[in-house]
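Student: I would like to see how this sequence folds:
(2 chains, ligands or ions: 1)
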Amino acid sequence: MLVGIPSQQSNNVVKPKECAAEMAEHIVAVAEKRCKVSFAIVFGYFAPRLRSYALKQMGNEALAMELVQDTMSNVWQKAHLFNSEKGSPSTWIFTIARNIRFDMLRKLQNRKEEICSEDLWPVLCEQTADVNETSLDEQITLEQVGFLFDSLPRKQKAVIEAIYIDGKSQQEVADELDIPLGTVKSRTRLALQRLKSML
Amino acid sequence: MIRCHPRLEQLVKFVEGNLSYSESILIAAHCDMCDHCRRVVDSETADQAETAFGTDVVQAGPDFDAMFARITQLPAAPAFESGEVLFKPPSKTSLELDGKSFRLPRTLQNLAGKTGNWTSLVGRLWQAPVDLGCHGVANFIYMAKGGSVPEHTHRGTEFTLVLDGKFSDGLNDYDTGDFIYLDSEHTHAPKTEFAEGCLVFSVLDQPLHFTSGLARLLNPFSHLFFR
Ligand SMILES: [Zn+2]
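Tutor: Numbers count the residues shown, from 1 in each chain, chains lettered A, B, ... in the order given. The predicted structure is shown next:
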């Protein structure tokens, strides 16, 4: 038994809504620190629930477990794309699972892959995850928002300055400031969100 | 102003992932343009998530420990190397025709690169086919001012999303953002008198069937209209 996976009884009755804040914190911990204990808690709660969803949808144990594994792999690998302002952890994970199911069914029907579920419900692609920032860029120049940088929290400001003014990569910034890459990404995203909200 | 929205049950099925690709694309694109439907979809998604994961009985599953071990060996997703990706606009955000440029809703921007050349049809119409890789034919159709499609009905279904401009079809007047669903029960004759013309995105699963007068002669050739 893995450390950190709560026993069946204790998480059996907790509704997704009731643990949303807690799960959101754990997903952020996965994004920023690759924290396995946090992931174990998220996994312990969602994996069995995903399995019941997947069994209903796919009607087949092997396909259902493939769906669970693909979904939870995405949660582990792309936790930095979770944004609690856009929805709860259960909504985010449901969206990932629903998309994977859509593509699995399409593959089973031998459809051409002209389009995939991400085009319909963007949730995991880096570019569209930040689609709001894209439109921000089209409307104003970085010089124009320059003065707004001053109102950013110190840590976010440092990251934004290094990336957008000094032109460093996120990895370079992570190395320089001696913080995990996930932290750089989430600070960047938070800063851009904040800038956008000020416009 | 948008007056024609998808029905609630269509939005529910869209969120479930139980609509066809072509119908899903039109609904997703409508939601790009319609705040009302986007809000419905967002709250429906949250509801469906709560229901899907709110099951009281969670059976002890198969080997979740092994799955956990496999997953946590995976690296984090490759970093997007610099902030550039954040600011990279989609490949093609608008569609050009005859010196005009039409900005596309996000969902359809992904299709613009898969769009064939514009061809001129009768009646001041232009169409550009889109390969959806699935059943049915999809086209961007532009009707210049005074343009019209002869009266017709549908053997299957016709989904239309108004992307820019206005048109009328004898059943209704449509405006930018309107989502239109028609089947064999509907006979209509689209035309526009709008100065800027009208651009729509249309998905048909069967050729049109022309119903009036001389246009009936077109039926053997209807595949030339909406290929
Ligand atoms: Zn609507």
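
Student: please save the CA atoms from the helix or strand harbouring residue B:138 in CSV.
Tutor: Per DSSP states H and E, residue B:138 falls inside strand B:137-143. What follows is strand B:137-143, C-alpha atoms only, in CSV (Å, rounded to 0.1, in the frame of the first residue of the first chain):
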residue,chain,number,x,y,z
VAL,B,137,-19.2,17.6,-46.2
ALA,B,138,-18.1,20.9,-44.6
ASN,B,139,-17.7,24.2,-46.4
PHE,B,140,-17.1,27.8,-45.8
ILE,B,141,-19.8,29.5,-47.9
TYR,B,142,-19.8,33.2,-48.8
MET,B,143,-22.9,34.9,-50.2
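
Student: buried residues, stretch B:170-178. List them.
Tutor: Buried residues in stretch B:170-178, counted by 16 or more other Cβ atoms under 10 Å in any protein chain shown: B:174, B:175, B:176, B:177, B:178. Where C-beta positions appear, they are placed from N, C-alpha and C, glycine not excepted.

Student: among those residues, which ones are in helices?
Tutor: Counting by DSSP state H, no part of the buried residues of stretch B:170-178 is found in helices.

Student: which one of those is nearest to chain A?
Tutor: Closest approach between these and chain A, by Cβ to the nearest Cβ: residue B:177, at 17.9 Å.

Student: wait, that closest one sits on residue B:160?
Tutor: No: applying Cβ atoms under 8 Å, one finds residue B:177 not in contact with residue B:160, separated by 11.6 Å.

Student: still on that earlier bit, helices and strands around the strand holding residue B:138, which ones?
Tutor: Judged by 3 or more Cβ pairs under 8 Å, 6 or more residues apart in numbering or on different chains; DSSP states H and E, the packing partners of strand B:137-143 are strand B:125-130, strand B:198-204.

Student: got the angle between the longest one and strand B:137-143?
Tutor: It refers to strand B:198-204. 160 degrees (axes from the mean of the first three to the mean of the last three Cα atoms, to 10 degrees).

Student: run a quick neighbour tally on residue B:4.
Tutor: 18 (other Cβ atoms under 10 Å in any protein chain shown).

Student: and it, how far is that from chain A?
Tutor: Counting by Cβ to the nearest Cβ, to the nearest Å, the gap from residue B:4 to chain A is 20 Å.

Student: quick check: phi and psi on that residue?
Tutor: Here is the backbone geometry of residue B:4 (degrees, to the nearest 10): phi -100, psi 110.

Student: got it, and residue B:171?
Tutor: The phi/psi pair for residue B:171 (degrees, to the nearest 10) is phi -100, psi -40.

Student: could you do residue A:80 as well?
Tutor: Dihedral angles (degrees, to the nearest 10) for residue A:80: phi -70, psi -10.

Student: how about the contacts made by it?
Tutor: Residues in contact with residue A:80 (Cβ atoms under 8 Å, 6 or more residues apart in numbering or on different chains) are A:31, A:32, A:182, A:185, A:186, A:189, B:76, B:77.

Student: what helix or strand is the nearest residue to it once chain neighbours are set aside on?
Tutor: In space, and not counting its chain neighbours, residue A:80 is closest to residue A:31: 4.1 Å by Cβ to Cβ, 6 or more residues apart in numbering or on different chains. Using DSSP H and E, the element containing residue A:31 is helix A:20-33.

Student: over to residue B:52?
Tutor: Element membership of residue B:52 [criterion: DSSP H and E] is helix B:35-53.

Student: what mean pLDDT does the helix or strand following that helix get?
Tutor: Sequence-wise, the next helix or strand downstream of helix B:35-53 (DSSP H and E) is helix B:64-72. Helix B:64-72 shows a mean pLDDT of 93.

Student: so how far is helix B:64-72 off the chain centroid?
Tutor: 39 Å (Cα atoms, centre = their mean, to the nearest Å).

Student: check what pLDDT the closest residue to residue B:12 other than its chain neighbours gets.
Tutor: With sequence-adjacent residues excluded and distances taken as Cβ to Cβ, 6+ apart, residue B:12 is closest to residue B:44, at 6.0 Å. Residue B:44 carries a pLDDT value of 97.

Student: quick one: residue B:44 from the ion, how far?
Tutor: 13 Å (Cβ to the ion, to the nearest Å).

Student: ok, residue B:14 next?
Tutor: Counting by Cβ to the ion, the gap from residue B:14 to the ion is 12 Å.

Student: repeat for residue B:30
Tutor: From residue B:30 over to the ion (counting by Cβ to the ion), the distance is 6 Å.

Student: now do the helix or strand harbouring residue A:41: distance to the chain's middle.
Tutor: Assigned by DSSP H and E, residue A:41 belongs to helix A:36-58. Here the centre of helix A:36-58 is set off from its chain's centre by 16 Å, with Cα atoms, centre = their mean.
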